[in-house]
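> pasting the sequence and the predicted model now:
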Amino acid sequence: MPKPEEPLSWGTDRIISDLNERLRADRWLVCNEVWLDDRGHARADLMALPRKFSARTALLFEVKTSRADLTGELRSGKWRKYLQHGAVAFAYPMGLAKLTEIPKECAAIVRHTGGWRWERAPRWQRAPEMTPYLWMRLAMSVSDEALDRGMNTWRPRAVAAHKIAWQSRLAFAHRVSQIALKLPHYEEWTARAETEWQALYSEVQRLRDQKETLEAQVANVRIQLTKLQGV
């Protein structure tokens, strides 16, 4: 049986990269080291969003590889700030902490020898939806990833395409942020659109009935004209 790795053998960068790969394999959108607001008051080691149309809440990760760092985080209660921006999860290697030490408000995902395992599922129920700022950060991260993949195939003479891609990225991020601003009104707009569609449908039906009536009147007039011409 393989010997479990010591927690400190991972290193922060290595374990974040490993978790990033796991989440992407599970079809999550991932953004590393993201500030949670434009004032710089809190920063998550990693932010992830399930790749679903219904997903509106981010999962914010605190990644720990040091026992001292973990206990210091728990004592300070800094993780509570993250609850204002989404669901929160602690990620750490096996043996670093017991599940009972992780706050009940938070999820826990542990790196075992064979891979990552959720020890406690995310608490989505009371978590707030993503702010327009976080939507924009996520959009820019995903756009950067796509840009990096494209640059690997470029030839030197195609470097000018980078400028175009950069402009597209900014436009895309702006569009996503504008959509995010409108999300709170989605249900209201859906109801209004349904009402307007019903009204439009009724009007189209009325015009169709009117058209049939007019066509019948025109046909009747033609019959009368034919009779008059035959007299």
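All right, it came through fine. None of these values were measured; they are calculated from a predicted model. Residues are numbered from 1 along each chain as shown.
> identify the bridge partners of the residue nearest in space to the middle of the chain.
With distances taken as Cα atoms, centre = their mean, the residue of the chain nearest its centroid is L49 (4.9 Å). Taking DSSP bridges as the rule, L49 bridges to L29.
> just V88 next, same as before
Here V88, judged by DSSP bridges, has bridge partners L60.
> got the contact list for it?
Contact analysis of V88 by Cβ atoms under 8 Å, 6 or more residues apart in numbering lists 59-62, 79, 82, 105-107, 123. C-beta: built from backbone N, CA, C; applies to glycine.
> return the closest of the residues you listed with respect to L214.
L59 (61.4 Å; Cβ to Cβ).
> how much space between M136 and R175?
Distance, M136 to R175, by Cβ to Cβ, to the nearest Å: 10 Å.
> between those two, who's got more neighbours?
Neighbours per residue (other Cβ atoms under 10 Å) separate M136 from R175, with M136 holding more: 20 against 12.
> and the more buried one, helix, strand or coil?
Counting by DSSP: H, G, I helix; E, B strand; the rest coil, the backbone at M136 sits in helix.
> ok, back up a step: so the residue nearest to the centre of the chain sits right up against L59, yeah?
Yes. Counting by Cβ atoms under 8 Å, L49 touches L59, with 7.2 Å between them.
> hmm, back to that, give the contact list for the residue nearest to the centre of the chain.
28-29, 55, 57-59, 130, 138.
> how about 6 Å then?
29, 55, 58 (Cβ atoms under 6 Å, 6 or more residues apart in numbering).
> could you dump those to JSON lines with neighbour count and distance to A44?
Formatted as JSON lines, those follow (neighbours: other Cβ atoms under 10 Å; distance: Cβ to Cβ, whole Å):
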{"residue": "L29", "neighbour count": "19", "distance to A44": "14"}
{"residue": "A55", "neighbour count": "16", "distance to A44": "17"}
{"residue": "A58", "neighbour count": "29", "distance to A44": "8"}
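> now, which of those residues sits nearest L74?
A58 (21.5 Å).
> for the closest one, grab phi and psi.
Main-chain torsions, A58, degrees, to the nearest 10: phi -90, psi 150.
> mind checking how far the residue nearest to the centre of the chain is from R206?
Where R206 is concerned, L49 sits at a distance of 46 Å (Cβ to Cβ).
> cool, N20 as well?
The gap separating N20 from R206 is 58 Å, by Cβ to Cβ.
> more crowded one of the two?
Applying other Cβ under 10 Å to N20 and R206 shows that N20 carries more neighbours, namely 18 against 10.
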